[in-house]
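> this one's structure only:
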């Protein structure tokens, strides 16, 4: 697929319906993880579905919009700041999907590692700037505290905090997304095929 087609975006009825649906999935996932105090975020499932179906631009929109809506409706200011992280997760997952990296389980795992890397690279500096290096996740911050107690540098403690949460979170997220996409009927997925070439998700 050409670079032009990778970033091509259709804003038709199917896509307009897809965006709020994906934001809703993200919202519910984050509420679920927060309520149970899970060592995961679970707030990128909808973002990745949107990215795989609609492409990197739609993925970025779904991710950033979810953080803004969640933060404004729950008063969670931390979530607002990480809209940038969610935007990049959706963007890179969309690129991977357009390049065929959601066609098999193994490739989906590779996509999850790219998503995790995007989250870690963007979020770690934000953690240091705004929250003293912590993520706000109970489990991850326990790792941060242990690293600081061991006199590790702040940046390394913050990086460990982010890795311990983001890597398993993105692996689980993309496995779920892969399963969901495989289960979708062809009549639905064909609505999101872009360009003149048909790129199948399965």
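Done, it's in. Just so it is clear, the model here is predicted, and its values are computed rather than measured.

> tell me which residue is most central in this structure.
Nearest to the mean C-alpha position of the chain, by CA atoms, centre = their mean, lies residue 44 at 3.7 Å.

> residue contacts, that one?
With CB atoms under 8 Å, 6 or more residues apart in numbering as the criterion, the residues that contact residue 44 are 26, 29, 63, 86, 89-90, 115, 169-170, 173. Bear in mind the C-beta positions are built from the backbone N, C-alpha and C, glycine included.

> buried ones among those?
26, 29, 63, 86, 89-90, 115, 169-170, 173 (16 or more other CB atoms under 10 Å).

> now the longest helix along the chain, how far from the centre of its chain.
Using DSSP state H to define each element, the chain has its longest helix at helix 154-183. Distance, stretch centre to chain centre, for helix 154-183: 8 Å (CA atoms, centre = their mean, to the nearest Å).

> remind me what that helix packs against, helices and strands.
Helix 154-183 sits against helix 45-54, helix 105-131, helix 138-149, with contacts defined as 3 or more CB pairs under 8 Å, 6 or more residues apart in numbering; DSSP states H and E.

> quick one: mean pLDDT for the second one?
By that I understand helix 105-131. If you average the pLDDT over helix 105-131, you get 97.

> for that helix, list every residue counted as buried.
For helix 105-131, burial by neighbour count (16+ other CB under 10 Å) applies to 107-108, 111-112, 114-120, 122-124, 126-128, 131.
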